[in-house]
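*Asks:* Okay, sequence plus prediction incoming.
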Amino acid sequence: MRILLVEDNCALAETVVERFRAEGHVIDHEGDGEEAEYILRHKQFDLVLLDINLPNRSGFELLRGIRARNLDTPVLVLSARSEIDDRVVGLEAGADDYLTKPFDFRELIARCRVLARRKSGVAKNLFRAGNLTFDWGSKLANIDGEDVELRNKEVQLLEMFLVNLDRVVTKEEIADRIYCFDEVPTHNAIEQTVTRLRRKLEGSPFLIKTIRGLGYIGHIDDT
């Protein structure tokens, strides 16, 4: 899951980023409202974690801008404002969920998983195809009852393919989804990650086809 955290409390932001990266997610942080607006106009994310009280532009303004551009990116508001009126304003501005500070990180991560599943159309935590299972919550893949050891980037890539089954995914899309701003992906690094994932999933019906000059397709072979 590619996440943008918009939060001006650096200590809190550092903790959130650390926890989400430990969970295997790709997350970037921005603390300025105007800078966040620029990022959201030029990059796509699977989820936005949005504080309300931001310098230069409020979270409510950012949220209204996202919805005015008809973007359906899930937005979870994180705010110290706990009054009902504030929640109502946030939800009416287009927020998908609202969590007040301080919060339990387990609840935050669980809510994010629910929003990501809803956006991708995945209703259940468990994906199953033949002898392959993948648990979206624990991020564990299993073939014939044996766990498959996947690195974080391989998990993120598998999730991306599963959400986009039978659709061409370009290397540029992969780079945009599984790398943070402070990482510099190369086509060779992406190819190596695809090769490792393909090798680790051998013996399952999940196939990764290379479409020369375009990218890759994740496909379930049900023959």
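*Replies:* Good, I have the coordinates. Predicted model, so just to flag it, every value in this text is computed and none were measured.
*Asks:* List the contacts of the longest helix along the chain.
*Replies:* Under DSSP state H, the helix in the chain containing the largest number of residues is helix 105-120. Identification of contacts with helix 105-120 by Cβ atoms under 8 Å, 6 or more residues apart in numbering yields 1, 3, 16, 19-20, 23, 46-47, 49, 72-74, 76, 78, 96-97, 99, 123, 125, 136-137, 163. Placement of C-beta: from N, CA and C, glycine included.
*Asks:* Quick one: mean pLDDT over that helix.
*Replies:* In this model, helix 105-120 carries a mean pLDDT of 85.
*Asks:* For that helix, list every residue counted as buried.
*Replies:* 108-109, 111-113, 115-117, 119-120 (16 or more other Cβ atoms under 10 Å).
*Asks:* care to break the chain down by domain?
*Replies:* The chain resolves into domains spanning 2-120, 126-220 when parsed by automatic domain parsing.
*Asks:* With only the CA atoms kept, save the longest helix of the chain in PDB.
*Replies:* Taking Å, rounded to 0.1, in the frame of the first residue of the first chain, the C-alpha atoms of helix 105-120 are listed here in PDB:
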ATOM      1  CA  PHE A 105      -1.600   2.200  16.200                       C
ATOM      2  CA  ARG A 106      -3.200  -1.200  15.900                       C
ATOM      3  CA  GLU A 107      -6.600   0.500  15.300                       C
ATOM      4  CA  LEU A 108      -5.000   3.000  12.800                       C
ATOM      5  CA  ILE A 109      -3.400   0.100  10.800                       C
ATOM      6  CA  ALA A 110      -6.600  -1.900  11.000                       C
ATOM      7  CA  ARG A 111      -8.700   1.000   9.700                       C
ATOM      8  CA  CYS A 112      -6.200   1.600   6.900                       C
ATOM      9  CA  ARG A 113      -6.500  -2.100   5.800                       C
ATOM     10  CA  VAL A 114     -10.200  -1.800   5.700                       C
ATOM     11  CA  LEU A 115     -10.100   1.300   3.500                       C
ATOM     12  CA  ALA A 116      -7.500  -0.200   1.200                       C
ATOM     13  CA  ARG A 117      -9.600  -3.400   0.800                       C
ATOM     14  CA  ARG A 118     -12.700  -1.400   0.100                       C
ATOM     15  CA  LYS A 119     -10.900   0.700  -2.600                       C
ATOM     16  CA  SER A 120      -9.400  -2.300  -4.300                       C
END
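*Asks:* Would you mind identifying the next helix or strand past that helix?
*Replies:* The helix or strand immediately downstream of helix 105-120 is strand 126-129, counting by DSSP states H and E.
*Asks:* So what's the gap between that next one and the chain middle?
*Replies:* 19 Å (Cα atoms, centre = their mean, to the nearest Å).
*Asks:* in the protein, which segments are predicted with low confidence?
*Replies:* 120-124, 223 (pLDDT under 70).
*Asks:* Okay, strands next: where are they in it?
*Replies:* Here the chain has its strands, by DSSP state E, at 2-6, 26-30, 47-51, 75-79, 97-100, 126-129, 132-135, 140-143, 146-148, 168-169, 206-211, 215-220.
*Asks:* These into TSV, with extra columns for distance to Val155 and mean neighbour count?
*Replies:* Conversion of the strands of the chain to TSV gives the following (distance: least, Cβ to Cβ, whole Å; neighbours: other Cβ atoms under 10 Å):
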stretch	distance to Val155	mean neighbour count
strand 2-6	13	23
strand 26-30	10	20
strand 47-51	16	25
strand 75-79	21	23
strand 97-100	24	18
strand 126-129	12	14
strand 132-135	9	18
strand 140-143	8	18
strand 146-148	10	14
strand 168-169	15	17
strand 206-211	13	16
strand 215-220	14	19
